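J.: pasting the sequence and the predicted model now:
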Amino acid sequence: MAPVQINEVKGNQRDNRTATHSHIKGLGLRSDGTAESNAAGFIGQAAAREAAGLVVDLVRTKKLAGRAVLLAGGPGTGKTALALAVSQELGNKVPFCPIVGSEIYSAEVKKTEALMENFRRAIGLRVRETKEVFEGEVTELTPEEAENPLGAYGRTISHLLITLKSAKGTKKLRLDPAIFEAIQKERVRVGDVIYIESNTGAVKRVGRSDAYATEFDLEAEEYVPVPKGEVHKKKEIVQDVTLHDLDSANSKPQGGQDVMSMMGQLMKPRKTEVTEKLRAEIDKVVSRYIDQGVAELVPGVLFIDEVHMLDLEAFSFLTRALESPLAPLVILASNRGMTPIHVHTSSALPGGEGTHPTPHGIPPDLLARLLIIPTHSYNPAEIASIVRTRAKTEGISIADAALDKVAGIGTKVSLRYALQLLAPAAVLARVKIGAPAGATKGQVSVEDVEECEDLFLDASRSAKGLGDGFLV
Ligand SMILES: Nc1ncnc2c1ncn2[C@@H]1O[C@H](COP(=O)(O)OP(=O)(O)OP(=O)(O)O)[C@@H](O)[C@H]1O
Ligand SMILES: [Mg+2]
């Protein structure tokens, strides 16, 4: 029977939603758990950060089973940033799966199914395996051609000659043409450090050899040292996948070479969708490998923003899923106060269920299981500091007066609006390079900020003067 595949499923990382939080590197807590006023990119919001630190401790000591966390506070008070920081504190490679409450509704997929999928995206599995590999820096890569055996005019590749260099020696390998494809897929070229698994032929590019690091390279390249030891050796290979990766890799028929042959012999090929049964089978295999010490579970964070968009059915699924032994840390966020529980149109029940308001639009039985962390709005000094951090992260050079101006907008209008002005102001400044007298090249000035403020309305200015119906 075909083994379970742990191919790395690409296109599954949805980190773009957190790009506005790239300055956040963690909770910025001291070893005694108190918050520094400005650390790890986090500014102010001390009590919430300390509470989040306690949550991290509870998760580490496994004392949070069956419960979840709710971040409650106004818009732009750092709820999403806090959730991200919690996942960073839990460790490198801990899955962080951010979703928005409303995204579980779609015509094709049942909402409980969509929630389930995201639960499994938030649970990681670290698989350690010792494999026989050839590893080294590629110093030669020559395909050997031959006449096409079918007699056509084209030529085919008969072999691939590859020379790998490690700290202790070099080895010349003559490889099957099938591996050539894998090499092309990984875009391997001379100077890259790669390894080839000797029994499956799977090729993995580790990075660019640091001997080439002095070349002018603007691309985000990862430089790695030439591997130690011999070229042919045993190597511990660590792969991080999520349960969702396993589900989807096993639900589609797939070829491919980086099959991790150790993963179970249970799966039949040619599954087309993730069924409850497939998940159960995967869980069985996974727990067996955990028992054998080959794999380790890495529960991550499932972050559900705008949780008031979930309806009763979704909430009861959530409550139940929290009880499962494989649950990730669930962090909910809401900027609503008393709100009726959302009724999604396709599930609207007669009689107007869910119409009386509950706190944050969450049913009481789930509320009772939540640790609620409030977030508060920022004072002007904190806003200024957040704006400065953001400008630095985005690589925007900005005059002090302009920074004060943006911070002022942050206080007067909203932090989010102020932060959104930074990027277009930087574009304006760049466009105007050299034009205004005395301006430092490309530096954002007060005028740039003012111009942007005129170009882009904030919500309340946009709403002002709007009549009913169509805009004219
Ligand atoms: N204390 C903080 N330190 C540094 N940056 C912060 C802080 N709080 C918020 N930010 C940044 O401000 C922006 C808005 O914050 P965030 O998106 O976390 O707010 P939110 O509470 O999730 O808002 P909403 O309710 O609208 O979803 C983000 O870019 C975030 O990284
Ligand atoms: Mg948010």
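T.: Here it is on my side, so go on. Ligands and ions are numbered 1, 2, ... in the order given.
J.: list the contacts of residue 359.
T.: Contact analysis of residue 359 by CB atoms under 8 Å, 6 or more residues apart in numbering lists 337-338, 367. In this view, the C-beta of every residue, glycine as well, is placed from N, C-alpha and C.
J.: take these and keep only those in strands.
T.: residue 338 (DSSP state E).
J.: what residues are up against the residue of the chain found nearest ligand 1?
T.: Nearest residue of the chain to ligand 1 (CB to the nearest ligand atom) works out as residue 78 at 2.7 Å. Taking CB under 8 Å, 6+ apart as the criterion, residue 78 is in contact with 42, 45, 48, 375.
J.: any idea how far it is from residue 40?
T.: 13 Å (CB to CB, to the nearest Å).
J.: which parts of the stretch 351-472 of the chain sit against ligand 1?
T.: The interface of the stretch 351-472 of the chain toward ligand 1, taken as CB under 6 Å from any ligand atom, is made up of 386, 389, 415-416, 419.
J.: and the two most separated of those residues?
T.: Using CB to CB, the two most remote members of these are 389 and 416, lying 14.7 Å apart.
J.: pLDDT value on the residue of the chain closest to ligand 1, please?
T.: With respect to pLDDT, residue 78 has a value of 92.
J.: what secondary structure does the closest residue to residue 128 other than its chain neighbours sit in?
T.: Closest residue to residue 128 apart from its sequence neighbours, by CB to CB, 6 or more residues apart in numbering: residue 238 at 5.4 Å. Following DSSP: H, G, I helix; E, B strand; the rest coil, the label given to residue 238 is strand.
J.: give the burial count for residue 238, as a bare number.
T.: 10 (other CB atoms under 10 Å).
J.: again, but for residue 30
T.: As a burial measure, residue 30 scores 11 neighbours (other CB under 10 Å).
J.: could you say which helix or strand holds residue 58?
T.: For residue 58, the enclosing helix or strand under DSSP states H and E is helix 46-60.
J.: what's that helix packed up against?
T.: Identification of packing neighbours for helix 46-60 by 3 or more CB pairs under 8 Å, 6 or more residues apart in numbering; DSSP states H and E yields strand 68-72, helix 79-90, strand 370-374.
J.: near ligand 1 at all, that helix?
T.: No - Helix 46-60 stays clear of ligand 1 (CB under 6 Å from any ligand atom), getting no nearer than 7.8 Å.
J.: next: stretch 327-343.
T.: Yes - judged by CB under 6 Å from any ligand atom, stretch 327-343 and ligand 1 are in contact via residue 335.
J.: work out the gap between that stretch and the centre of the chain.
T.: Put simply, stretch 327-343 sits 21 Å off its chain's centre (CA atoms, centre = their mean, to the nearest Å).
J.: pLDDT of it, averaged?
T.: The average pLDDT within stretch 327-343 is 89.
J.: quick one, helices of the stretch 201-350 of the chain?
T.: For the stretch 201-350 of the chain, the helices defined by DSSP state H, counting those that start in this stretch cover 243-251, 276-291, 312-322.
J.: can I get those helices in a markdown table with mean neighbour count, mean pLDDT and distance to ligand 1?
T.: Compiled in a markdown table, those are given as follows (neighbours: other CB atoms under 10 Å; pLDDT from 0 to 100; distance: least, CB to the nearest ligand atom, whole Å):
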| stretch | mean neighbour count | mean pLDDT | distance to ligand 1 |
| --- | --- | --- | --- |
| helix 243-251 | 23 | 83 | 24 |
| helix 276-291 | 16 | 87 | 31 |
| helix 312-322 | 18 | 90 | 19 |
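J.: between those, which one is nearest to residue 107?
T.: helix 312-322 (16.1 Å).
J.: list the helices and strands the closest one packs on?
T.: Applying 3+ CB pairs under 8 Å, 6+ apart, one finds that helix 312-322 makes contact with helix 111-121, helix 364-367.
J.: nearest to residue 34, of the ones you listed?
T.: So among the helices and strands packed on helix 312-322, helix 364-367 is nearest, using CB to CB, at 28.5 Å.
J.: show me what the closest one is packed up against.
T.: Under the contact criterion of 3+ CB pairs under 8 Å, 6+ apart, helix 364-367 touches helix 312-322, strand 357-359.
J.: distance between the longest one and the chain's centre?
T.: Mean C-alpha position of helix 312-322 versus that of the full chain (CA atoms, centre = their mean) differs by 24 Å.
J.: list the contacts of it.
T.: Applying CB under 8 Å, 6+ apart, the external contacts of helix 312-322 come out as 66-68, 101, 104, 111-112, 115-116, 119, 310, 327, 330, 341, 343, 347, 353-354, 362-363, 365-366, 369.
J.: now do the contacts for residue 238.
T.: 126-128.
J.: ugh, typo on my part, it should be residue 45
T.: For residue 45, the contact set (CB under 8 Å, 6+ apart) comprises 35, 77-78, 82, 375-376, 378.
J.: and what of residue 195?
T.: Contacts for residue 195 (CB under 8 Å, 6+ apart) come out as 133-136, 203-204, 206, 227, 235.
J.: in strands, which of those appear?
T.: Per DSSP E, those map to strands at 133-136, 203-204, 206, 235.
J.: who wins for most neighbours among the residues you listed?
T.: Neighbour counts for the ones in strands among the contacts of residue 195, by other CB under 10 Å, peak at residue 136, which reaches 31 neighbours.
J.: please name the nearest non-neighbouring residue to that one.
T.: In space, and not counting its chain neighbours, residue 136 is closest to residue 164: 3.1 Å by CB to CB, 6+ apart.
J.: wait, doesn't the one you found sit right on residue 133?
T.: No - assessed by CB atoms under 8 Å, residue 164 is found out of contact with residue 133, at 10.1 Å.
J.: stretch 21-36: which residues count as buried?
T.: 21, 23-24, 26-29, 35 (16 or more other CB atoms under 10 Å).
J.: ok, now how distant is the residue lying closest to residue 290 once chain neighbours are set aside from residue 283?
T.: Excluding the flanking residues, the one nearest residue 290 by CB to CB, 6+ apart is residue 297, at 6.0 Å. Residue 297 sits 11 Å away from residue 283, going by CB to CB.
J.: what's the overlap in contacts for the two?
T.: Common contact partners of residue 297 and residue 283 (CB under 8 Å, 6+ apart): residue 326.
J.: and the strands in the stretch 151-300 of the chain?
T.: 155-166, 169-175, 192-197, 203-209, 223-224, 232-242, 295-299 (DSSP state E, counting those that start in this stretch).
J.: okay, those, which one's buried deepest?
T.: Burial of the strands of the stretch 151-300 of the chain is given as mean neighbour count (mean count of other CB atoms under 10 Å); strand 192-197 ranks first at a mean of 23.
J.: neighbouring strands for it, and are they parallel or not?
T.: Looking at strand 192-197 with DSSP bridges, its partner strands are strand 123-147 (antiparallel), strand 203-209 (antiparallel).
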